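Colleague: Sequence first, predicted coordinates after that:
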There are 2 protein chains.
Amino acid sequence: MSLSFAQKLDNYARLAVQVGVGLQPGQRLLLLAPLECAAFARRVVEAAYTAGALLVDLLYVDDEVQLARYRLAPEASFAEVSTWSADALIKGSARGDAVLRISGSDPDLLKGQDPQRVAQVQRGLQAYSEPFARRISAKEINWCICAAPVAAWARRLYPELAAPAAIDALWEEIFRICRADQANPVAAWQAHAEALRARRAQLDARQYRALRYRGPGTALELGLPANHRWLGGLSHTPQGLPFIANLPTEEVFTLPHREQAEGWVAASMPLAYAGTLIEGIRLRFAGGQVVEARAEREETVLHKLLETDAGARRLGEVALVPQSSPVARSGKLFLNTLYDENAASHLAVGRAYRVCLEGGAAMDDAAFAAAGGNDSLTHVDFMIGSSELEVDGLRADGGVEPLMRGGEWTQSANPRS
Amino acid sequence: MSLSFAQKLDNYARLAVQVGVGLQPGQRLLLLAPLECAAFARRVVEAAYTAGALLVDLLYVDDEVQLARYRLAPEASFAEVSTWSADALIKGSARGDAVLRISGSDPDLLKGQDPQRVAQVQRGLQAYSEPFARRISAKEINWCICAAPVAAWARRLYPELAAPAAIDALWEEIFRICRADQANPVAAWQAHAEALRARRAQLDARQYRALRYRGPGTALELGLPANHRWLGGLSHTPQGLPFIANLPTEEVFTLPHREQAEGWVAASMPLAYAGTLIEGIRLRFAGGQVVEARAEREETVLHKLLETDAGARRLGEVALVPQSSPVARSGKLFLNTLYDENAASHLAVGRAYRVCLEGGAAMDDAAFAAAGGNDSLTHVDFMIGSSELEVDGLRADGGVEPLMRGGEWTQSANPRS
């Protein structure tokens, strides 16, 4: 029997709070939501209190206000940093609050705006938010990002539908991909998390020295640092609180060596970055660094991204996602990284997650860099997976093992391995 | 020719930014708005940028989230303080941002909630926000409060109308009272501010030692400290930035002596306080302190308010408003202090504005108290004016001068006096 919309919405709100954030009774929750998603955000507030939240703070993000700044503010405005939400995140994470961000925005929000301004605003906020980003990277708190439809995003994905119907259609897609349409979604997520755990255990045991990618426009070899760890699905804070940082999540990921990337890689999807769609990205790496960056559209925005700081030209994440993932099977390009990164294998420029290196969370910056970990104010995923992608694992002894063929894993992960 | 709704709304947004806040080009604006008023808040954002704002931060306040806490949170929740908006106000005011708060809420939002919890939440937030309240009291920044309709408020005021019509009707009332329906509202406000300036100049020159009130249920004498100053209409920051802190504003006000109030006073309207309507308030003062407090409804909430701290039982403001004010002439009880306090003469328990005492802003707490100024975490106005109220000014030489009869000034204020 299929569930009603209200039941699915409740499932989804409870999943976000209990499975995603893993909110503990007596814990505070800091919730960020697009203004347009107020109805869903309020449902999440109720789900959080029902799960025992001590206090829920709800901060609304209004894209129209952001846009008004670009349209109307004086040039000096773009050197200013809007600090109130970053302050809340910094303070809340220091206090041990759980954090849930509901993501949803117009992928074309800042289309046509001066890329210099967009980059300046992004960089200012990233620099200011660094204490929070650092805690997230070290998984010091339990946190999660999930998505909810806003009209401009839904209309972009379903141009054949009117706004309300497009929003409904996007909700149904979100429910399906996040398993909120199932009678027992928590059990479904437990099984899924276990499959991801088995996959990363298998990869951890192999300790490949490098990965090799082949596909249309792609011929790349990435080194992996010694003692890298694959993550995916369930995470734990240092205090042992379990959480799943992304709903949906279909990836296993680790950190590449910051100085070991050689060759060309072509993005397999447009990248929705800072309110702009960058299309046809091709990057050439040498010594781990981007030495050539091209895009068919919005190349300037790509260049600005790579100029954020020195670390923005190097890789911070390598993630493997099979083409049979529920996101990929939807056949949709979501123009939202949370979804698109779970449809395809991907890489990220910028900051590496310290917990991807054994002992990395306790290392100082120099030790982490020396071990091969990259640091940056930014962290931006771009998709390279497709049904034509081949990935090999290169062993330290020179052996080569096929990992993915036709975009799929060559071996099933044995949950008992 | 009467203006369209859109023209009046634009007038009102511009009045709030230019006349109320007195936003300076290059200044940042911190804007707080009820979630339901997003459309108007966005218009204010545009008006602010058009007036040269460097950056506008818009923080939405969601009453439903507050209510969910009362409905669902554990008891321990009410000892917690939600800090994010207070942090933004403290930080923004320290940085010299202008602050605009759009007020609008259901007057019965917290009706039936445990008064102990309501008081605990209020007190926690007030204590935390003290650095901001102190800056406001000393007029260190330019700031303003104005109002906008939300459905529950509008329906309460216009029970005969459906929600959209009630909201429209409340907007029209707001436009009229705030002079936003006039062709040149800025000029209308300049003339109004000049009339208020003349009135306070007249009262400042008299330096009454006390005021005496007579009316139904009221027989009260209030001492005024030496060197008190009457305020009203235009204020200035220490840097000289002009602003009008309330839209609308019809009052002139100063501080009473904290130890000099004797007799009974009866409120002439219900008081909308912390989401509760307190009706039929009667207070007896002795030695400046409330020694008996009664209410026909929600007396417990009144007691909790007076128990906030020691200063909550003493008076911090005395304000005179004629019955011919545009708010009073509307004949409506607004159940919103911003409006109701501008329909009637009133008093406030709690904190006195330091700028109401010559040199008060520079005094330390002890000196301010010794001079007769009251301090508290709270400041709550309650209305005592009516067409039956008589107010006399008592001179130091023993002379008695009639100030108000039948709720009206006995003398016109001479703009040249």
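Modeller: In hand now; what should we look at?
Colleague: Quick one: the strands in the stretch 1-150 of chain A, in order.
Modeller: Secondary structure of the stretch 1-150 of chain A by DSSP state E, counting those that start in this stretch: the strands cover A:29-34, A:56-61, A:98-103, A:143-147.
Colleague: Of all the ones you listed, which one is nearest residue B:131?
Modeller: Between residue B:131 and these, the shortest gap by C-beta to C-beta is with strand A:56-61, which sits at 19.5 Å. Any C-beta I mention is one placed from the backbone N, CA and C, and that applies to glycine too.
Colleague: can you list contacts of that closest one?
Modeller: Counting contacts by C-beta atoms under 8 Å, 6 or more residues apart in numbering or on different chains, the residues outside strand A:56-61 that touch it are A:28-35, A:38, A:41-42, A:45, A:48-49, A:85, A:88, A:92, A:97, B:35, B:59-60, B:62, B:65, B:68-69, B:82-84.
Colleague: Grab the nearest non-local neighbour of residue A:391.
Modeller: residue A:404 (4.1 Å; C-beta to C-beta, 6 or more residues apart in numbering or on different chains).
Colleague: what residues are up against the residue in the stretch 51-200 of chain A that chain B sits nearest to?
Modeller: When scored by C-beta to the nearest C-beta, the stretch 51-200 of chain A has residue A:72 as its residue closest to chain B, at 3.5 Å. The contact partners of residue A:72, taken as C-beta under 8 Å, 6+ apart, are B:46, B:49-50.
Colleague: Please apply the same query to residue A:164.
Modeller: Residues near residue A:164 by C-beta under 8 Å, 6+ apart: none.
Colleague: Confirm that it sits in a helix.
Modeller: Yes: under DSSP: H, G, I helix; E, B strand; the rest coil, residue A:164 sits within a helix.
Colleague: Quick check: it vs residue A:172, distance?
Modeller: 13 Å (C-beta to C-beta, to the nearest Å).
Colleague: Can I have the buried ones of the contacts of residue A:72 as a PyMOL selection?
Modeller: Command for PyMOL, covering only those of those found buried under the criterion 16 or more other C-beta atoms under 10 Å in any protein chain shown:
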select buried, chain B and resi 46+49
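Colleague: Show me the contacts of residue A:72 that map onto helices.
Modeller: Among the contacts of residue A:72, the ones falling in helices (DSSP state H) are B:46, B:49-50.
Colleague: Quick check, central residue of chain A?
Modeller: residue A:338 (4.9 Å; C-alpha atoms, centre = their mean).
Colleague: Wasn't that one part of a helix?
Modeller: Yes: using three-state DSSP, the assignment for residue A:338 is a helix.
Colleague: My guess is it contacts residue A:103. True?
Modeller: Yes: Residue A:338 lies in contact with residue A:103 (C-beta atoms under 8 Å); the separation is 5.6 Å.
Colleague: Next, show the common contact partners of these two.
Modeller: Common neighbours of residue A:338 and residue A:103, counting by C-beta under 8 Å, 6+ apart, are A:145-147.
Colleague: Quick one, which of those are buried?
Modeller: The neighbour-count test (16+ other C-beta under 10 Å) marks A:145-147 as buried among these.
Colleague: if I pick the closest residue to residue A:122 other than its chain neighbours, what's in contact with it?
Modeller: Nearest-residue entry for residue A:122: residue A:274, 5.3 Å, with adjacent residues in sequence omitted and distances by C-beta to C-beta, 6+ apart. With contacts defined as C-beta under 8 Å, 6+ apart, the neighbours of residue A:274 are A:110, A:118-119, A:122, A:301, A:305.
Colleague: is stretch A:44-54 up against chain B anywhere?
Modeller: Yes: interface with chain B: stretch A:44-54 contributes A:45-46, A:49-50, A:52-54 (C-beta under 8 Å from any C-beta of the partner chain).
Colleague: could you give the mean pLDDT of that stretch?
Modeller: Model confidence over stretch A:44-54 averages 98 on the pLDDT scale.
Colleague: Contacts for it next, please.
Modeller: Residues from elsewhere that reach stretch A:44-54, judged by C-beta under 8 Å, 6+ apart: A:10, A:13-14, A:16-18, A:23-29, A:31, A:33, A:56, A:58, A:100, A:102, B:64-65, B:68-69, B:71-74, B:76-77, B:80.
Colleague: So which of these are in helices?
Modeller: Short answer: those in helices (DSSP H) are A:10, A:13-14, B:64-65, B:68-69, B:71-72.
Colleague: Farthest-apart pair in those, please.
Modeller: The most widely separated members of the ones in helices among the contacts of stretch A:44-54, counting by C-beta to C-beta, are A:10 and B:69 (19.4 Å).
Colleague: all helices of chain A, in order?
Modeller: Counting by DSSP H, chain A has helices at residues A:5-14, A:38-50, A:63-72, A:84-95, A:115-128, A:130-137, A:151-157, A:163-177, A:185-206, A:299-306, A:326-329, A:337-340, A:365-370.
Colleague: Quick one: closest of those helices to residue B:369.
Modeller: Here helix A:84-95 is closest among these (C-beta to C-beta), at 33.2 Å.
Colleague: who does the closest one touch, helix- and strand-wise?
Modeller: Taking 3 or more C-beta pairs under 8 Å, 6 or more residues apart in numbering or on different chains; DSSP states H and E as the contact definition, the neighbouring helices and strands of helix A:84-95 are strand A:29-34, strand A:56-61, strand A:98-103, helix A:130-137, helix B:84-95.
Colleague: could you check the angle strand B:56-61 makes with that helix?
Modeller: Inter-element angle recorded for helix A:84-95 and strand B:56-61: 60 degrees (by axes from the mean of the first three to the mean of the last three C-alpha atoms, to 10 degrees).
Colleague: what sits up against helix A:84-95?
Modeller: Counting by C-beta under 8 Å, 6+ apart, the neighbours of helix A:84-95 from elsewhere in the structure are A:28, A:30, A:32, A:57, A:59, A:61, A:99, A:125, A:128-129, A:131-132, A:135-136, A:140-141, A:143, B:30, B:57, B:59, B:83-85, B:87-88, B:91-92.
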